Structure formats: C-alpha cells, structure tokens
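**Q** One predicted model, sequence on top.
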Amino acid sequence: MEVVIIKYNAGNIKSVEFALERIGINATVSDDKEIIQRADKIIFPGVGEASSAMSYLRQYGLDEIIKELKQPVLGICLGMQLLCQHSEEGNTECLGIFDTQVKRFGDELKVPQIGWNKLSETSGPLFRDMQGESFCYFVHSYYAGLCADTIAVTEYGLKFSSALSKRNFYGVQFHPEKSAEAGEAILHNFLTL
C-alpha cells in the first residue's frame, strides 16, 4: 500500500510520518502530482495559516489535484480546514469539499485551544471498533462549524466539527499523530478503508 503525505508549506509532516512508522507504514512525502495521484491513501496534514497555505497549493496546482482525488484522503488540522468552503483566517477561499465554514473561536475563550478534548457523536469508518468516548489532542484557533458532513463533535465554548467526511474525503481537527491510542486507532482505520 502506497501512502503519500502531501508536502506543502504547512508543518507537522514529520510527526505524521513518525506516527505512521509506529504502525508499520513507510509513507512518501511529496508534492509531485503524479506520485500523489498514484497513491492508495493520501494524508493532507497542516499546521500553519490558511491563506498562505492555499496560495502555495494554487501556485503549484495542488488545489485542483486534491479536489480530483478518488482514493481516501485524510486532512489533519489545517489540512481539514482547507477542505472546507471558506476560512475566516485571512478571508480564504478553500477547496470546497466539506460544506461548512471555518471560523475563529470567540475572544471569551482561551485561544488557541491546546490539549485533550472529548469526541462525541462519532460515526463512520474512521471510528470503527472504538468504544465509548475518545479523547484526542487539539491545537487550533479556528474551527469548522457543524454540518451534514460532521462525523464527530467536540465542545469548546460551542460545539464544532472535530471530524468530517464526504465521499472519499475525511478530515480531523485534532492531531491523531499526538492522540495516543485513540489517534493510532483512527489512523489505522483510515489506512484500512
């Protein structure tokens, strides 16, 4: 199985790579369109700022490539947000896969949200065989609103989408690579789709 991590100007690629190695997967890190298109599974990670990340994707034609992918794609953190319609961060038009907007948490909250938080209302194959409530590790100032694509909900001042799914696209706001056993289970479930 060929797993490709999309390389672009947003961090946390190494930690995703190491998490995959822990479950026996050697991933390829690439921004080469042909390598991405050929992969069996694609991970679209991201820690950074939405507008500069989207600019980079457009500059290298990766935005169109990602939208056309037919194999399973997992967006992580900023990667998930970029799969949404629009982000308030830098007033950014995103890839438009998930039918929701990305907004900034209100000033009444400590931002960014950093640390462990609970997933509830989970559904779909990413959460297969996971019993009860899971806790995962979050670091984010922006959140995706609830929508028809929501497959997990988390509460931080308000309820937001901690995971999304539409067709072959999946997204998680938390960092599975830093979420211990729950994160490993989610990565494993994605890789066995």
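**A** In hand now; what should we look at? Keep in mind it's a predicted model, so treat the numbers as computed, not measured. Numbering: from 1, shown residues only.
**Q** Next one, pLDDT for the most centrally placed residue in the chain please.
**A** For the chain, the residue sitting closest to the mean C-alpha position, by C-alpha atoms, centre = their mean, is residue 76 at 2.2 Å. pLDDT recorded at residue 76 is 98.
**Q** pLDDT weak spots in this structure?
**A** Scanning the chain for pLDDT under 70 picks out no residues.
**Q** and the residue nearest to the centre of the chain, what is it in contact with?
**A** Going by C-beta atoms under 8 Å, 6 or more residues apart in numbering, residue 76 touches 12, 16, 43-46, 171-172, 175-177. Every C-beta, even on glycine, is put in place using the N, C-alpha and C of the backbone.
**Q** at 6 Å instead, please
**A** Residue 76 is in contact with 45, 172, counting by C-beta atoms under 6 Å, 6 or more residues apart in numbering.
**Q** so how far is residue 6 from it?
**A** The spacing between residue 76 and residue 6, counted by C-beta to C-beta, to the nearest Å, is 10 Å.
**Q** Please apply the same query to residue 66.
**A** Taking C-beta to C-beta, one finds residue 66 at 7 Å from residue 6.
**Q** same thing with residue 122?
**A** From residue 122 over to residue 6 (counting by C-beta to C-beta), the distance is 25 Å.
**Q** Touching the longest helix along the chain from outside, list them.
**A** As assigned by DSSP state H, the longest helix anywhere in the chain is helix 180-191. Residues from elsewhere that reach helix 180-191 (C-beta under 6 Å, 6+ apart): 23, 41, 74, 125-126, 128, 130, 134, 136, 176.
**Q** In it, which residues are buried?
**A** 182-191 (16 or more other C-beta atoms under 10 Å).
**Q** Residue 74: what secondary structure?
**A** strand (DSSP: H, G, I helix; E, B strand; the rest coil).
**Q** now it, which residues is it bridged with?
**A** On DSSP bridges, the residues paired with residue 74 through beta bridges are residue 43, residue 170.
**Q** Do you have the strands of this structure handy? List them.
**A** 3-6, 28-30, 41-44, 73-76, 86-87, 92-93, 101-104, 113-119, 134-140, 142-144, 150-155, 159-166, 169-172 (DSSP state E).
**Q** Run the angle between the longest helix of the chain and strand 150-155 for me.
**A** The directions of helix 180-191 and strand 150-155 differ by 160 degrees, with axes from the mean of the first three to the mean of the last three C-alpha atoms, to 10 degrees as the criterion.
**Q** Nice, that's everything, thank you.
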